[in-house]
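**Q** here's a sequence, model it:
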Amino acid sequence: MSESIAAAVVRAAELTARGLPRKAIDLLRPVLVANPLHGEAWCRLAAAHLDAGEPDPALDAAKRALVLNGDTVWAQRLTALALSELGRHAEAVVAARECVRRKPDDWRCQVVLAEVLAEDPKGLHEAVDVARRAAHLAPSEARAFQVLGDAALRLRDWGTAERAYRTALRLDAGADDVRANLGTVRRKRGGAPV
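**A** Residues are numbered from 1 along each chain as shown. All right, here's what the predicted structure looks like:
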(Lines give C-alpha, C1' and ligand atoms only; values in the text may rest on other atoms or scores of the structure.)
Protein backbone atom coordinates (compact mmCIF):
# COMPACT_ATOMS: atom_id res chain seq x y z
CA MET A 1 0.00 0.00 0.00
CA SER A 2 1.44 3.31 -0.99
CA GLU A 3 2.18 5.84 1.72
CA SER A 4 -0.08 8.46 0.16
CA ILE A 5 -3.18 6.28 0.19
CA ALA A 6 -2.36 4.94 3.66
CA ALA A 7 -2.01 8.50 4.93
CA ALA A 8 -5.27 9.53 3.26
CA VAL A 9 -7.15 6.62 4.85
CA VAL A 10 -5.77 7.47 8.30
CA ARG A 11 -6.54 11.16 7.82
CA ALA A 12 -10.09 10.36 6.64
CA ALA A 13 -10.64 8.24 9.77
CA GLU A 14 -9.45 11.14 11.94
CA LEU A 15 -11.72 13.61 10.15
CA THR A 16 -14.74 11.36 10.50
CA ALA A 17 -14.01 10.78 14.19
CA ARG A 18 -13.86 14.57 14.68
CA GLY A 19 -17.33 14.94 13.16
CA LEU A 20 -16.10 16.10 9.75
CA PRO A 21 -17.27 13.31 7.43
CA ARG A 22 -17.74 15.65 4.46
CA LYS A 23 -14.02 16.56 4.60
CA ALA A 24 -13.16 12.86 4.76
CA ILE A 25 -15.29 12.24 1.67
CA ASP A 26 -13.63 15.12 -0.19
CA LEU A 27 -10.22 13.73 0.75
CA LEU A 28 -10.98 10.15 -0.31
CA ARG A 29 -12.71 10.76 -3.66
CA PRO A 30 -9.59 11.77 -5.63
CA VAL A 31 -7.52 9.12 -3.85
CA LEU A 32 -9.97 6.45 -5.01
CA VAL A 33 -9.91 7.76 -8.58
CA ALA A 34 -6.16 7.09 -8.57
CA ASN A 35 -6.46 3.84 -6.51
CA PRO A 36 -9.85 2.26 -7.37
CA LEU A 37 -8.87 -1.18 -6.08
CA HIS A 38 -8.19 -0.13 -2.49
CA GLY A 39 -10.83 -1.86 -0.36
CA GLU A 40 -9.97 -0.12 2.90
CA ALA A 41 -10.33 3.30 1.30
CA TRP A 42 -13.76 2.32 -0.09
CA CYS A 43 -14.79 1.17 3.40
CA ARG A 44 -13.57 4.42 4.91
CA LEU A 45 -15.55 6.33 2.26
CA ALA A 46 -18.67 4.29 3.03
CA ALA A 47 -18.26 4.98 6.75
CA ALA A 48 -17.86 8.71 6.11
CA HIS A 49 -21.00 8.76 3.96
CA LEU A 50 -22.93 6.99 6.72
CA ASP A 51 -21.71 9.55 9.25
CA ALA A 52 -22.78 12.31 6.86
CA GLY A 53 -26.28 10.81 6.65
CA GLU A 54 -25.83 9.71 3.04
CA PRO A 55 -26.78 6.01 2.87
CA ASP A 56 -27.04 5.76 -0.94
CA PRO A 57 -23.39 6.63 -1.67
CA ALA A 58 -22.39 4.67 1.47
CA LEU A 59 -24.01 1.57 0.01
CA ASP A 60 -22.29 2.11 -3.34
CA ALA A 61 -18.88 2.45 -1.67
CA ALA A 62 -19.45 -0.57 0.60
CA LYS A 63 -20.47 -2.70 -2.39
CA ARG A 64 -17.28 -1.67 -4.19
CA ALA A 65 -15.26 -2.75 -1.14
CA LEU A 66 -17.06 -6.10 -0.98
CA VAL A 67 -15.59 -7.25 -4.29
CA LEU A 68 -12.03 -6.13 -3.55
CA ASN A 69 -9.30 -7.67 -1.47
CA GLY A 70 -9.28 -6.42 2.06
CA ASP A 71 -11.57 -6.51 5.06
CA THR A 72 -14.77 -7.79 3.47
CA VAL A 73 -16.32 -8.19 6.91
CA TRP A 74 -16.06 -4.44 7.46
CA ALA A 75 -17.59 -3.89 4.02
CA GLN A 76 -20.38 -6.31 4.93
CA ARG A 77 -21.13 -4.40 8.16
CA LEU A 78 -21.22 -1.11 6.26
CA THR A 79 -23.51 -2.64 3.64
CA ALA A 80 -25.94 -3.78 6.33
CA LEU A 81 -25.93 -0.36 8.00
CA ALA A 82 -26.48 1.48 4.72
CA LEU A 83 -29.34 -0.84 3.75
CA SER A 84 -30.91 -0.30 7.16
CA GLU A 85 -30.62 3.49 6.78
CA LEU A 86 -32.33 3.17 3.40
CA GLY A 87 -35.24 1.32 4.99
CA ARG A 88 -34.37 -1.91 3.18
CA HIS A 89 -34.78 -3.92 6.36
CA ALA A 90 -34.90 -7.47 4.97
CA GLU A 91 -31.76 -6.89 2.90
CA ALA A 92 -30.00 -5.31 5.88
CA VAL A 93 -30.71 -8.40 7.99
CA VAL A 94 -29.39 -10.68 5.23
CA ALA A 95 -26.19 -8.59 4.95
CA ALA A 96 -25.72 -8.53 8.74
CA ARG A 97 -26.29 -12.29 9.00
CA GLU A 98 -23.68 -12.80 6.30
CA CYS A 99 -21.25 -10.70 8.31
CA VAL A 100 -21.85 -12.90 11.37
CA ARG A 101 -21.52 -16.03 9.24
CA ARG A 102 -18.16 -14.86 7.93
CA LYS A 103 -16.81 -13.86 11.33
CA PRO A 104 -19.01 -15.14 14.17
CA ASP A 105 -16.61 -14.08 16.91
CA ASP A 106 -16.38 -10.45 15.76
CA TRP A 107 -18.44 -8.46 18.25
CA ARG A 108 -18.92 -5.67 15.71
CA CYS A 109 -20.74 -8.07 13.37
CA GLN A 110 -22.99 -9.11 16.25
CA VAL A 111 -23.68 -5.45 17.10
CA VAL A 112 -24.71 -4.64 13.53
CA LEU A 113 -26.98 -7.69 13.39
CA ALA A 114 -28.58 -6.69 16.70
CA GLU A 115 -29.10 -3.13 15.44
CA VAL A 116 -30.83 -4.17 12.23
CA LEU A 117 -32.91 -6.86 13.94
CA ALA A 118 -34.12 -4.32 16.50
CA GLU A 119 -35.60 -2.17 13.73
CA ASP A 120 -38.46 -4.69 13.37
CA PRO A 121 -40.62 -5.50 16.41
CA LYS A 122 -40.61 -9.15 15.31
CA GLY A 123 -36.82 -9.21 15.64
CA LEU A 124 -36.53 -7.70 19.13
CA HIS A 125 -36.08 -10.95 21.08
CA GLU A 126 -33.37 -12.11 18.70
CA ALA A 127 -31.79 -8.65 18.76
CA VAL A 128 -31.42 -8.86 22.55
CA ASP A 129 -29.90 -12.35 22.27
CA VAL A 130 -27.46 -11.23 19.58
CA ALA A 131 -26.53 -8.10 21.55
CA ARG A 132 -25.87 -10.27 24.61
CA ARG A 133 -23.46 -12.30 22.49
CA ALA A 134 -21.72 -9.09 21.37
CA ALA A 135 -21.37 -7.96 25.00
CA HIS A 136 -20.01 -11.38 25.95
CA LEU A 137 -17.47 -11.21 23.11
CA ALA A 138 -16.44 -7.64 23.99
CA PRO A 139 -16.86 -7.07 27.73
CA SER A 140 -14.76 -3.90 27.60
CA GLU A 141 -16.61 -2.26 24.67
CA ALA A 142 -19.26 0.25 25.72
CA ARG A 143 -20.89 0.10 22.28
CA ALA A 144 -21.81 -3.57 22.71
CA PHE A 145 -23.60 -2.81 25.97
CA GLN A 146 -25.27 0.27 24.52
CA VAL A 147 -26.76 -1.80 21.70
CA LEU A 148 -27.90 -4.42 24.23
CA GLY A 149 -29.55 -1.65 26.25
CA ASP A 150 -31.19 -0.18 23.14
CA ALA A 151 -32.62 -3.55 22.05
CA ALA A 152 -33.83 -4.34 25.58
CA LEU A 153 -35.38 -0.86 25.86
CA ARG A 154 -37.38 -1.45 22.68
CA LEU A 155 -38.44 -4.84 24.04
CA ARG A 156 -39.40 -3.17 27.34
CA ASP A 157 -37.04 -5.46 29.24
CA TRP A 158 -36.24 -2.75 31.74
CA GLY A 159 -33.89 -4.81 33.92
CA THR A 160 -31.67 -5.88 31.03
CA ALA A 161 -31.71 -2.37 29.59
CA GLU A 162 -30.73 -0.79 32.89
CA ARG A 163 -27.88 -3.25 33.54
CA ALA A 164 -26.57 -2.84 30.00
CA TYR A 165 -26.68 0.96 30.11
CA ARG A 166 -25.01 1.04 33.52
CA THR A 167 -22.20 -1.16 32.18
CA ALA A 168 -21.87 1.03 29.08
CA LEU A 169 -21.57 4.12 31.29
CA ARG A 170 -18.98 2.44 33.48
CA LEU A 171 -16.94 1.80 30.32
CA ASP A 172 -17.60 5.24 28.79
CA ALA A 173 -18.75 7.79 31.34
CA GLY A 174 -19.12 10.48 28.67
CA ALA A 175 -21.83 8.71 26.66
CA ASP A 176 -24.66 11.23 27.03
CA ASP A 177 -27.07 9.27 24.82
CA VAL A 178 -26.61 6.21 27.04
CA ARG A 179 -27.19 8.35 30.13
CA ALA A 180 -30.42 9.72 28.59
CA ASN A 181 -31.65 6.22 27.72
CA LEU A 182 -30.84 5.02 31.22
CA GLY A 183 -32.95 7.90 32.54
CA THR A 184 -35.81 6.75 30.31
CA VAL A 185 -35.52 3.21 31.66
CA ARG A 186 -35.50 4.44 35.25
CA ARG A 187 -38.64 6.52 34.63
CA LYS A 188 -40.39 3.57 32.98
CA ARG A 189 -39.51 1.37 35.95
CA GLY A 190 -40.74 4.02 38.36
CA GLY A 191 -37.29 4.62 39.81
CA ALA A 192 -35.36 7.76 40.51
CA PRO A 193 -33.83 9.52 37.48
CA VAL A 194 -30.13 9.02 36.83
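**Q** how about the closest residue to Pro57 other than its chain neighbours, what does it touch?
**A** Nearest residue to Pro57, sequence neighbours excluded (C-beta to C-beta, 6 or more residues apart in numbering): His49, at 4.6 Å. Just so you know, the C-beta spots here come from the backbone N, C-alpha and C atoms, and that holds for glycine as well. The contact partners of His49, taken as C-beta atoms under 8 Å, 6 or more residues apart in numbering, are Pro21, Ile25, Pro55, Pro57, Ala58, Ala61, Ala82.
**Q** could you dump these into a markdown table and include pLDDT, secondary structure and neighbour count?
**A** Formatted as a markdown table, the contacts of His49 follow (pLDDT from 0 to 100; DSSP: H, G, I helix; E, B strand; the rest coil; neighbours: other C-beta atoms under 10 Å):
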| residue | pLDDT | secondary structure | neighbour count |
| --- | --- | --- | --- |
| Pro21 | 97 | helix | 21 |
| Ile25 | 97 | helix | 22 |
| Pro55 | 98 | helix | 20 |
| Pro57 | 98 | helix | 16 |
| Ala58 | 98 | helix | 26 |
| Ala61 | 97 | helix | 28 |
| Ala82 | 98 | helix | 27 |
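**Q** which of the residues you listed lies closest to Gly190?
**A** Pro55 (38.2 Å; C-beta to C-beta).
**Q** from the contacts of His49, which is closest to His125?
**A** Checking the contacts of His49 against His125 by C-beta to C-beta gives Ala82 as the nearest, at 25.1 Å.
**Q** OK, contacts around the residue lying closest to that closest one once chain neighbours are set aside?
**A** Closest residue to Ala82 apart from its sequence neighbours, by C-beta to C-beta, 6+ apart: Leu59 at 3.8 Å. The neighbours of Leu59, taking C-beta under 8 Å, 6+ apart as the test, are Ala46, Thr79, Ala82, Leu83, Leu86.
**Q** kindly report the same for Leu137.
**A** Per C-beta under 8 Å, 6+ apart, neighbours of Leu137: Asp105, Asp106, Trp107, Gln110, Ala144.
**Q** let's go with 7 Å and repeat that
**A** Residues counted as contacts of Leu137 (C-beta atoms under 7 Å, 6 or more residues apart in numbering) are Asp105, Trp107, Gln110.
**Q** quick test: name the residue nearest the centre of this protein.
**A** Among the residues of the chain, the one closest to the centroid is Val112, at 5.4 Å (C-alpha atoms, centre = their mean).
**Q** so that one touches Ala95, yeah?
**A** No. Judged on C-beta atoms under 7 Å, Val112 makes no contact with Ala95 at a distance of 8.5 Å.
**Q** mutual contacts of those two, please.
**A** By C-beta under 7 Å, 6+ apart, the residues touching both Val112 and Ala95 are Ala80.
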